[in-house]
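In: just coords:
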């Protein structure tokens, strides 16, 4: 909590200093440089907080693992306690542990459901809550009742998801789906990293190194600022060239060059959503969304991760694009390119890409694009939506 407060206070202070310096330097050449420095400092601060969120989540998982490991096999000890004053207490403890494991699985499943339903948990979540009289468990009969109740509630939640496409609810008035890319006239990409601002990171990427970038929810592209709670179905990277002097031939050259690469793309797991000028964080595990840049006749990657394919086929929207992303470019037949030039006199894709960047890097933009859903509430009719913070962890003001 202290880190959360410090982060937002620090960011507020940085914004204030940046505003005053911008006003003081207006008209001077140094203004652009100072603004760029502050933007990079803010980006670094946000990245550190995102890493903290992931460490906190991993720490919770480690504690859970230690807890389960320490449980051991109860039957190994039950024979030693038979006929002693501890026999009944041990049996009761065993039932409690089993019920806790049932509850753990239930909570994990409902956690995913809450993420899917964000930010409308109040309208749905309570219907699938377990009756309070089922806890604590003291005998096999009550344990069985707990298992049955948890199973029934999860099946009901699952049916709610399956029936979502065929049922009209109040939230459908605000839910929209669309394409997020700079190629459309209305909207824009999920996020964009200009080469001018991220030169070091992108140069490392174009050299085959692994990099980590944050798609910062506080700096979404202008074209989608009025879209809340964005979730993606498909997501990929698009390398674009902006500039009136860039010919279609040069853009085509970049597209052809990128088809040699496989994108190792990993979502950090921790998602950030915005709703009603608040930012909420939902913890999760990293997700592998790697794919090949070369596509088939239908426009689908020639190869992709199983998770990526399942997300695409399921048609469900769960993850936010505003997260920490780990990226790496690789080439499938690396042995063919053990140097900048192979036996056939052809340059390696990395060498050719680096040469291209030397000439056109100043125009390059790496975009996070795809398809997804969002909430559109221009008239603020959701202002009275039941408290979202009762069900989700709030990060702060947007």
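Out: All right, it came through fine. Just so it is clear, the structure is predicted and the values come from calculations on it, not from any experiment.

In: And for residue 110, the neighbour number?
Out: 19 (other Cβ atoms under 10 Å). In short, each C-beta sits where N, CA and C put it, glycine included.

In: isn't it right next to residue 158, touching?
Out: No. Residue 110 is beyond contact range of residue 158, at 11.1 Å (criterion: Cβ atoms under 8 Å).

In: Check for me that residue 253 belongs to a helix.
Out: Yes. Remark: residue 253 belongs to a helix, assigned using DSSP: H, G, I helix; E, B strand; the rest coil.

In: so it makes contact with residue 356?
Out: Yes. Using Cβ under 8 Å, residue 253 is in contact with residue 356, at 7.1 Å.

In: Which of those two has more residues huddled nearby?
Out: The neighbour comparison of residue 253 against residue 356 (other Cβ under 10 Å) goes to residue 356, with 18 against 15.

In: could you measure the more buried one against residue 101, distance?
Out: Per Cβ to Cβ, to the nearest Å, residue 356 is found 55 Å from residue 101.

In: Repeat that for residue 380.
Out: Taken as Cβ to Cβ, the span from residue 380 to residue 101 is 44 Å.

In: Who has more neighbours out of those two?
Out: A direct count of neighbours by other Cβ under 10 Å for residue 380 and residue 101 places residue 101 higher, at 13 against 8.

In: how about the more buried one, secondary structure?
Out: Per three-state DSSP, residue 101 ends up helix.

In: Need the per-residue pLDDT for it.
Out: For residue 101, the model assigns a pLDDT of 71.

In: Equivalent analysis for residue 166, please.
Out: 64.

In: Residue 155 - how many residues pack around it?
Out: 11.

In: so what's residue 272 up against?
Out: For residue 272, the contacting residues are 217, 279-281, 320, 322-323, 395, by Cβ atoms under 8 Å, 6 or more residues apart in numbering.

In: and what of residue 246?
Out: Residue 246 sits next to 360, 363 when contact means Cβ under 8 Å, 6+ apart.

In: redo that, cut-off 7 Å
Out: residue 363 (Cβ atoms under 7 Å, 6 or more residues apart in numbering).

In: Low-confidence bits of the stretch 251-398 of the chain, can you list those?
Out: For the stretch 251-398 of the chain, residues meeting the criterion pLDDT under 70 lie at 313-317, 332-346, 385-386, 398.

In: one more time with 90, if that's ok
Out: Residue ranges of the stretch 251-398 of the chain with pLDDT under 90: 269-270, 276-278, 281-287, 295-301, 305-318, 331-348, 377-398.

In: Now restrict the contacts of residue 272 to buried residues only.
Out: By neighbour count, with 16 or more other Cβ atoms under 10 Å, the contacts of residue 272 hold 217, 279-281, 320, 322-323, 395 as buried.

In: From those residues, which land in helices?
Out: Counting by DSSP state H, no part of these is found in helices.

In: how long is stretch 279-297 from one end to the other?
Out: The first and final residues of stretch 279-297 sit 40 Å from each other (Cα to Cα, to the nearest Å).

In: Tell me where the chain has strands.
Out: With DSSP state E, the ranges of strands along the chain come out as 175-180, 191-194, 211-214, 228-241, 261-267, 271-275, 278-282, 287-288, 291-292, 324-331, 364-375, 393-397.

In: For residue 351, which of the ones you listed is the nearest?
Out: strand 324-331 (11.1 Å; Cβ to Cβ).

In: Please identify the buried residues of that closest one?
Out: 324-325, 327-330.

In: From the rest of the structure, what touches stretch 189-197?
Out: So stretch 189-197 is contacted by 36, 39, 180-182, 202, 213, 215, 220-221, 230, 232, 321, 361-362, 364-370 (Cβ under 7 Å, 6+ apart).

In: how about a cut-off of 8 Å?
Out: Contacts of stretch 189-197 (Cβ under 8 Å, 6+ apart): 36, 39-40, 180-182, 201-202, 213, 215-216, 219-221, 224, 230, 232, 235, 238, 321-322, 357, 361-370, 372.

In: Separate out the buried members of the residues you listed.
Out: Counted by 16+ other Cβ under 10 Å, the contacts of stretch 189-197 give 180-182, 201-202, 213, 215-216, 220-221, 224, 230, 232, 235, 238, 321-322, 357, 361, 363-370, 372 as buried.

In: isn't residue 213 right up against residue 328?
Out: No. Using Cβ under 8 Å, residue 213 is not in contact with residue 328, being 11.6 Å away.

In: give the contact list for the closest residue to residue 354 other than its chain neighbours.
Out: Counting by Cβ to Cβ, 6 or more residues apart in numbering, residue 206 is the residue found nearest to residue 354 once chain neighbours are left out, at 5.8 Å. By Cβ under 8 Å, 6+ apart, residue 206 lies in contact with 329, 350, 353-354, 357.

In: likewise residue 395?
Out: Neighbouring residues of residue 395 by Cβ under 8 Å, 6+ apart: 4, 272, 278-281.

In: Residue 277 - how many residues pack around it?
Out: Residue 277: 8 neighbours (other Cβ under 10 Å).

In: returning to what we had before: looking at the buried ones among the contacts of residue 272, which one is closest to residue 121?
Out: The closest of those to residue 121 turns out to be residue 280 (Cβ to Cβ; 10.6 Å).

In: so the closest one makes contact with residue 391?
Out: No. Using Cβ under 8 Å, residue 280 is not in contact with residue 391; the gap is 9.3 Å.

In: about what we covered before: what would the buried ones among the contacts of residue 272 look like in TSV with distance to residue 267?
Out: Formatted as TSV, the buried ones among the contacts of residue 272 follow (distance: Cβ to Cβ, whole Å):
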residue	distance to residue 267
217	14
279	18
280	17
281	14
320	9
322	10
323	6
395	18
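
In: tell me which of these is nearest to residue 287?
Out: residue 323 (9.3 Å).

In: picking that back up, what residues are shared contacts of residue 253 and residue 356?
Out: Between them, residue 253 and residue 356 share no contacting residue, judged by Cβ under 8 Å, 6+ apart.
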